[in-house]
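> Give me the fold of what follows.
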Amino acid sequence: MRQRRYPSDTTNAEWALIEPLLPTPACDTTAGGRPEKHPRREIVDAIRYVVDTGCKWRALPADYPPWRTVWGFMARWAAAGIIGQIRDDLAGRIRREMGKGPRAVATVIDSQSVKAAETVGKDSRGYDAGKKINGRKRHMVVDTRGLPLLVMVTPASLTDRDAAREVLFRLRLMHPEITIVWADSAYAGKLVDWAKKHLNLTLKTVSRPKDASGFIVLPRRWVVERSLAWMMHARRHARDYERLVQHSETLITWAAITLMTKRLARKGPTTWSKKPKFTADVLPEQAF
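The predicted model follows:
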(Lines give C-alpha, C1' and ligand atoms only; values in the text may rest on other atoms or scores of the structure.)
Protein backbone atom coordinates (compact mmCIF):
# COMPACT_ATOMS: atom_id res chain seq x y z
CA MET A 1 0.00 0.00 0.00
CA ARG A 2 1.18 3.50 -0.83
CA GLN A 3 1.78 5.95 1.98
CA ARG A 4 -1.10 8.28 2.75
CA ARG A 5 0.19 11.77 1.95
CA TYR A 6 -2.60 13.87 0.41
CA PRO A 7 -5.48 15.53 2.29
CA SER A 8 -7.98 13.77 0.01
CA ASP A 9 -6.71 10.27 0.87
CA THR A 10 -9.06 8.11 2.91
CA THR A 11 -8.40 7.55 6.59
CA ASN A 12 -8.72 4.06 8.04
CA ALA A 13 -12.13 5.00 9.43
CA GLU A 14 -13.33 6.30 6.07
CA TRP A 15 -12.07 3.24 4.22
CA ALA A 16 -13.89 0.99 6.69
CA LEU A 17 -17.11 2.72 5.60
CA ILE A 18 -16.47 2.52 1.86
CA GLU A 19 -14.83 -0.89 1.40
CA PRO A 20 -17.89 -3.07 2.28
CA LEU A 21 -20.02 -1.10 -0.18
CA LEU A 22 -17.79 -1.76 -3.21
CA PRO A 23 -18.57 -4.72 -5.50
CA THR A 24 -16.83 -8.04 -4.88
CA PRO A 25 -13.69 -8.45 -7.03
CA ALA A 26 -14.19 -10.84 -9.94
CA CYS A 27 -11.46 -13.16 -8.64
CA ASP A 28 -13.51 -13.75 -5.47
CA THR A 29 -16.75 -14.66 -7.28
CA THR A 30 -17.84 -18.10 -8.44
CA ALA A 31 -17.39 -17.03 -12.06
CA GLY A 32 -13.76 -16.23 -11.37
CA GLY A 33 -11.48 -13.67 -12.94
CA ARG A 34 -8.03 -12.14 -12.82
CA PRO A 35 -6.90 -10.67 -9.48
CA GLU A 36 -6.89 -6.89 -9.47
CA LYS A 37 -3.40 -5.45 -9.83
CA HIS A 38 -3.98 -2.36 -7.70
CA PRO A 39 -5.62 -2.19 -4.24
CA ARG A 40 -9.14 -0.78 -4.21
CA ARG A 41 -8.17 1.82 -1.63
CA GLU A 42 -5.59 3.33 -3.98
CA ILE A 43 -8.23 3.53 -6.73
CA VAL A 44 -10.66 5.35 -4.43
CA ASP A 45 -7.93 7.69 -3.19
CA ALA A 46 -7.02 8.58 -6.78
CA ILE A 47 -10.63 9.38 -7.68
CA ARG A 48 -10.97 11.56 -4.59
CA TYR A 49 -7.69 13.32 -5.48
CA VAL A 50 -9.02 14.27 -8.92
CA VAL A 51 -12.30 15.53 -7.44
CA ASP A 52 -10.64 17.46 -4.62
CA THR A 53 -7.79 19.09 -6.56
CA GLY A 54 -9.39 19.38 -9.99
CA CYS A 55 -6.33 18.01 -11.81
CA LYS A 56 -6.44 16.30 -15.20
CA TRP A 57 -6.78 12.53 -15.21
CA ARG A 58 -3.44 12.32 -17.00
CA ALA A 59 -1.84 14.46 -14.27
CA LEU A 60 -2.42 11.98 -11.46
CA PRO A 61 0.68 11.74 -9.22
CA ALA A 62 2.94 8.79 -9.98
CA ASP A 63 2.30 7.11 -6.62
CA TYR A 64 -1.31 6.43 -7.64
CA PRO A 65 -2.29 3.65 -10.08
CA PRO A 66 -2.20 4.55 -13.81
CA TRP A 67 -4.86 7.11 -14.70
CA ARG A 68 -6.50 4.82 -17.28
CA THR A 69 -7.01 2.20 -14.58
CA VAL A 70 -8.48 4.73 -12.16
CA TRP A 71 -10.75 6.24 -14.82
CA GLY A 72 -11.90 2.76 -15.86
CA PHE A 73 -12.95 1.83 -12.33
CA MET A 74 -14.75 5.16 -11.95
CA ALA A 75 -16.69 4.62 -15.18
CA ARG A 76 -17.56 0.96 -14.49
CA TRP A 77 -18.73 1.59 -10.93
CA ALA A 78 -20.84 4.50 -12.15
CA ALA A 79 -22.43 2.47 -14.96
CA ALA A 80 -23.27 -0.33 -12.51
CA GLY A 81 -24.97 2.07 -10.09
CA ILE A 82 -22.45 1.39 -7.33
CA ILE A 83 -21.72 5.07 -6.65
CA GLY A 84 -25.40 5.85 -6.11
CA GLN A 85 -25.74 2.91 -3.73
CA ILE A 86 -22.76 4.11 -1.68
CA ARG A 87 -24.26 7.62 -1.51
CA ASP A 88 -27.64 6.34 -0.34
CA ASP A 89 -26.14 3.99 2.24
CA LEU A 90 -23.97 6.71 3.79
CA ALA A 91 -26.86 9.19 3.79
CA GLY A 92 -29.01 6.62 5.60
CA ARG A 93 -26.35 6.15 8.27
CA ILE A 94 -26.08 9.88 8.88
CA ARG A 95 -29.85 10.20 9.14
CA ARG A 96 -30.00 7.38 11.70
CA GLU A 97 -27.27 9.01 13.79
CA MET A 98 -29.35 12.20 13.77
CA GLY A 99 -32.39 10.34 15.04
CA LYS A 100 -34.17 10.27 11.68
CA GLY A 101 -35.45 7.42 9.55
CA PRO A 102 -32.98 6.09 6.95
CA ARG A 103 -35.22 7.25 4.12
CA ALA A 104 -36.26 10.86 3.56
CA VAL A 105 -39.87 11.72 2.74
CA ALA A 106 -39.34 15.46 2.23
CA THR A 107 -36.82 16.93 -0.19
CA VAL A 108 -35.65 20.20 -1.73
CA ILE A 109 -34.69 20.78 -5.38
CA ASP A 110 -32.62 23.48 -7.05
CA SER A 111 -30.15 23.96 -9.91
CA GLN A 112 -26.76 25.55 -10.48
CA SER A 113 -25.29 26.76 -13.78
CA VAL A 114 -21.54 26.43 -14.25
CA LYS A 115 -19.19 27.21 -17.11
CA ALA A 116 -17.99 24.31 -19.22
CA ALA A 117 -14.45 23.74 -20.42
CA GLU A 118 -13.49 23.17 -24.06
CA THR A 119 -13.60 19.42 -23.40
CA VAL A 120 -17.41 19.61 -23.19
CA GLY A 121 -19.08 19.08 -26.56
CA LYS A 122 -21.72 21.40 -27.94
CA ASP A 123 -24.34 18.63 -27.78
CA SER A 124 -24.29 18.69 -23.96
CA ARG A 125 -23.78 22.38 -23.27
CA GLY A 126 -25.94 25.48 -23.69
CA TYR A 127 -26.34 29.12 -22.76
CA ASP A 128 -28.18 30.17 -19.62
CA ALA A 129 -29.48 33.63 -20.52
CA GLY A 130 -30.51 34.41 -16.95
CA LYS A 131 -27.08 33.67 -15.45
CA LYS A 132 -25.18 34.56 -18.64
CA ILE A 133 -23.28 31.27 -18.48
CA ASN A 134 -22.28 29.04 -21.37
CA GLY A 135 -21.99 25.55 -19.97
CA ARG A 136 -24.02 23.02 -18.05
CA LYS A 137 -26.63 23.05 -15.32
CA ARG A 138 -26.59 20.81 -12.26
CA HIS A 139 -29.95 19.81 -10.84
CA MET A 140 -29.75 18.52 -7.28
CA VAL A 141 -32.31 17.02 -4.91
CA VAL A 142 -31.44 16.84 -1.21
CA ASP A 143 -33.26 15.86 1.95
CA THR A 144 -34.11 18.39 4.66
CA ARG A 145 -30.62 17.91 6.14
CA GLY A 146 -28.86 18.72 2.88
CA LEU A 147 -27.80 15.15 2.04
CA PRO A 148 -27.83 14.63 -1.76
CA LEU A 149 -30.32 12.09 -3.08
CA LEU A 150 -30.02 12.71 -6.82
CA VAL A 151 -27.88 14.73 -9.23
CA MET A 152 -28.67 15.30 -12.91
CA VAL A 153 -26.58 17.36 -15.33
CA THR A 154 -28.07 19.02 -18.42
CA PRO A 155 -27.15 21.78 -20.87
CA ALA A 156 -27.43 25.17 -19.19
CA SER A 157 -30.00 26.25 -21.80
CA LEU A 158 -32.60 23.83 -20.40
CA THR A 159 -34.97 25.60 -18.02
CA ASP A 160 -35.48 24.35 -14.48
CA ARG A 161 -39.15 23.63 -15.15
CA ASP A 162 -38.41 21.45 -18.20
CA ALA A 163 -35.53 19.59 -16.58
CA ALA A 164 -37.56 19.00 -13.41
CA ARG A 165 -39.87 16.54 -15.19
CA GLU A 166 -36.96 14.17 -15.77
CA VAL A 167 -35.43 14.88 -12.35
CA LEU A 168 -38.68 14.20 -10.49
CA PHE A 169 -39.37 11.10 -12.58
CA ARG A 170 -35.97 9.68 -11.64
CA LEU A 171 -36.54 10.69 -8.03
CA ARG A 172 -39.84 8.84 -7.91
CA LEU A 173 -38.26 5.66 -9.34
CA MET A 174 -35.28 5.75 -6.96
CA HIS A 175 -37.11 6.93 -3.84
CA PRO A 176 -40.81 5.98 -3.94
CA GLU A 177 -41.20 6.95 -0.27
CA ILE A 178 -40.79 10.69 -0.98
CA THR A 179 -44.03 12.68 -0.71
CA ILE A 180 -43.11 16.38 -0.91
CA VAL A 181 -40.56 18.50 -2.79
CA TRP A 182 -39.82 22.15 -2.04
CA ALA A 183 -38.54 24.41 -4.80
CA ASP A 184 -38.22 28.05 -5.86
CA SER A 185 -40.67 29.92 -8.06
CA ALA A 186 -38.93 28.72 -11.25
CA TYR A 187 -40.66 25.37 -10.74
CA ALA A 188 -44.16 26.83 -10.38
CA GLY A 189 -46.96 26.55 -12.92
CA LYS A 190 -48.08 23.43 -14.76
CA LEU A 191 -45.24 21.41 -13.26
CA VAL A 192 -47.01 21.39 -9.88
CA ASP A 193 -50.13 19.76 -11.34
CA TRP A 194 -48.07 17.39 -13.50
CA ALA A 195 -46.07 16.14 -10.51
CA LYS A 196 -49.23 15.56 -8.48
CA LYS A 197 -51.09 13.80 -11.28
CA HIS A 198 -48.37 11.60 -12.75
CA LEU A 199 -45.93 11.08 -9.87
CA ASN A 200 -48.13 11.63 -6.81
CA LEU A 201 -45.60 14.19 -5.56
CA THR A 202 -46.52 17.42 -3.79
CA LEU A 203 -44.42 20.23 -5.24
CA LYS A 204 -44.42 23.38 -3.10
CA THR A 205 -42.70 26.60 -4.13
CA VAL A 206 -41.02 29.00 -1.70
CA SER A 207 -41.03 32.51 -3.13
CA ARG A 208 -38.91 35.45 -2.13
CA PRO A 209 -40.88 38.12 -0.18
CA LYS A 210 -41.89 41.01 -2.43
CA ASP A 211 -40.67 43.68 -0.02
CA ALA A 212 -37.29 42.00 0.58
CA SER A 213 -34.06 43.66 -0.49
CA GLY A 214 -30.59 42.19 -0.63
CA PHE A 215 -29.70 38.70 0.50
CA ILE A 216 -32.11 36.86 2.79
CA VAL A 217 -32.29 33.25 3.92
CA LEU A 218 -35.41 31.58 2.55
CA PRO A 219 -37.13 28.67 4.31
CA ARG A 220 -36.29 25.25 2.88
CA ARG A 221 -34.38 26.66 -0.08
CA TRP A 222 -31.30 27.47 2.00
CA VAL A 223 -30.74 23.75 2.56
CA VAL A 224 -30.10 22.88 -1.08
CA GLU A 225 -28.16 26.10 -1.65
CA ARG A 226 -25.81 25.02 1.13
CA SER A 227 -25.42 21.56 -0.42
CA LEU A 228 -24.48 23.10 -3.78
CA ALA A 229 -21.90 25.21 -1.96
CA TRP A 230 -20.51 22.07 -0.31
CA MET A 231 -20.01 20.46 -3.72
CA MET A 232 -18.14 23.54 -4.93
CA HIS A 233 -15.50 22.99 -2.23
CA ALA A 234 -14.17 20.28 -4.54
CA ARG A 235 -12.16 22.15 -7.16
CA ARG A 236 -13.15 19.75 -9.93
CA HIS A 237 -16.62 21.27 -9.82
CA ALA A 238 -15.65 24.93 -10.17
CA ARG A 239 -16.07 24.25 -13.89
CA ASP A 240 -17.43 21.27 -15.80
CA TYR A 241 -14.66 19.36 -17.58
CA GLU A 242 -16.32 16.00 -18.28
CA ARG A 243 -17.14 14.98 -21.85
CA LEU A 244 -20.08 12.86 -20.69
CA VAL A 245 -22.79 14.15 -18.38
CA GLN A 246 -22.86 10.76 -16.65
CA HIS A 247 -19.27 11.21 -15.51
CA SER A 248 -20.01 14.75 -14.38
CA GLU A 249 -22.86 13.42 -12.23
CA THR A 250 -20.60 10.68 -10.88
CA LEU A 251 -17.83 13.03 -9.76
CA ILE A 252 -20.36 15.33 -8.08
CA THR A 253 -21.63 12.27 -6.22
CA TRP A 254 -18.06 11.40 -5.23
CA ALA A 255 -17.73 14.86 -3.68
CA ALA A 256 -20.86 14.14 -1.65
CA ILE A 257 -19.52 10.72 -0.63
CA THR A 258 -16.27 12.28 0.58
CA LEU A 259 -18.23 14.81 2.62
CA MET A 260 -20.35 12.10 4.23
CA THR A 261 -17.49 9.71 5.01
CA LYS A 262 -15.57 12.51 6.71
CA ARG A 263 -18.66 13.34 8.75
CA LEU A 264 -19.21 9.73 9.79
CA ALA A 265 -15.53 9.16 10.56
CA ARG A 266 -15.38 12.01 13.05
CA LYS A 267 -14.92 11.08 16.67
CA GLY A 268 -18.00 11.64 18.77
CA PRO A 269 -21.61 12.14 17.65
CA THR A 270 -22.44 13.62 14.28
CA THR A 271 -23.03 17.36 14.53
CA TRP A 272 -24.83 19.73 12.23
CA SER A 273 -24.81 23.48 11.91
CA LYS A 274 -27.77 25.30 13.43
CA LYS A 275 -30.55 26.10 11.01
CA PRO A 276 -31.82 29.65 10.69
CA LYS A 277 -34.94 30.58 12.61
CA PHE A 278 -38.05 30.99 10.48
CA THR A 279 -41.57 32.17 11.12
CA ALA A 280 -44.01 30.01 13.03
CA ASP A 281 -46.05 29.09 9.94
CA VAL A 282 -43.13 27.07 8.50
CA LEU A 283 -43.21 23.39 9.37
CA PRO A 284 -40.26 22.50 11.64
CA GLU A 285 -37.49 20.25 10.32
CA GLN A 286 -38.16 17.78 13.11
CA ALA A 287 -41.44 16.82 11.46
CA PHE A 288 -39.51 15.14 8.66
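
> how about the strands of this protein, start to end?
106-115, 126-128, 133-143, 148-155, 180-183, 202-205 (DSSP state E).

> out of the ones you listed, nearest to residue 95?
strand 133-143 (7.4 Å; CB to CB). Glycine gets a C-beta too; all of them are placed from N, C-alpha and C.

> What is that closest one packed up against?
Judged by 3 or more CB pairs under 8 Å, 6 or more residues apart in numbering; DSSP states H and E, the packing partners of strand 133-143 are strand 106-115, strand 126-128, strand 148-155, helix 160-174, helix 221-232, helix 245-265.

> Of all the ones you listed, which one is nearest residue 16?
Taking the helices and strands packed on strand 133-143 one by one with CB to CB, helix 245-265 is closest: 8.2 Å.

> What are the buried residues along that closest one?
245, 247-261, 263-264 (16 or more other CB atoms under 10 Å).

> same check, this time on stretch 62-71
Under 16+ other CB under 10 Å, the buried positions of stretch 62-71 are 64, 65, 67, 69, 70, 71.

> where's residue 177 relative to residue 101, distance?
9 Å (CB to CB, to the nearest Å).

> got it, and residue 228?
Separation of residue 228 from residue 101 (CB to CB): 24 Å.

> So those two - more neighbours on which side?
Under the neighbour definition other CB atoms under 10 Å, residue 228 and residue 101 were set side by side, and residue 228 has more, 19 against 11.

> residue contacts, that one?
By CB atoms under 8 Å, 6 or more residues apart in numbering, the residues touching residue 228 are 110, 112, 138, 140.

> Compare those residues and tell me which has the most neighbours.
Neighbour max across those (other CB under 10 Å) = residue 140, 25 neighbours.

> wait, that residue sits on residue 112?
Yes. Counting by CB atoms under 8 Å, residue 140 touches residue 112, with 7.3 Å between them.

> centre of the chain versus stretch 177-187, how much separation?
Centroid separation for stretch 177-187 versus its chain: 17 Å, with CA atoms, centre = their mean, to the nearest Å.

> So which residues make contact with it?
Contacts of stretch 177-187 (CB under 8 Å, 6+ apart): 103-110, 141, 159-161, 164, 168, 171-172, 195, 201-208, 218, 220-221.

> are any of those residues buried, and which?
Buried among the contacts of stretch 177-187 by 16+ other CB under 10 Å: 104, 106-110, 141, 160, 164, 168, 171-172, 195, 201, 203, 205-206, 218, 220-221.

> which residues does the closest residue to residue 208 other than its chain neighbours contact?
With sequence-adjacent residues excluded and distances taken as CB to CB, 6 or more residues apart in numbering, residue 208 is closest to residue 218, at 6.3 Å. Neighbour list for residue 218: 184, 206, 208 [criterion: CB under 8 Å, 6+ apart].

> what's the residue closest to the geometric middle of the chain?
residue 253 (4.0 Å; CA atoms, centre = their mean).

> residues contacting residue 203?
168, 180, 181, 183, 187, 191, 192, 195, 196.

> Which residue comes closest to residue 146 once chain neighbours are left out?
Per CB to CB, 6+ apart, closest to residue 146 is residue 227, 4.5 Å.

> pretty sure the one you found contacts residue 145?
No. Between residue 227 and residue 145 there is no contact under CB under 8 Å: 9.3 Å.

> Between those two, which is the more surrounded one?
Counted by other CB under 10 Å, residue 227 and residue 145 do not tie: residue 227 has more neighbours, with 24 against 17.

> Mind pulling the model confidence for the more buried one?
Reading off the confidence values, residue 227 has pLDDT 94.
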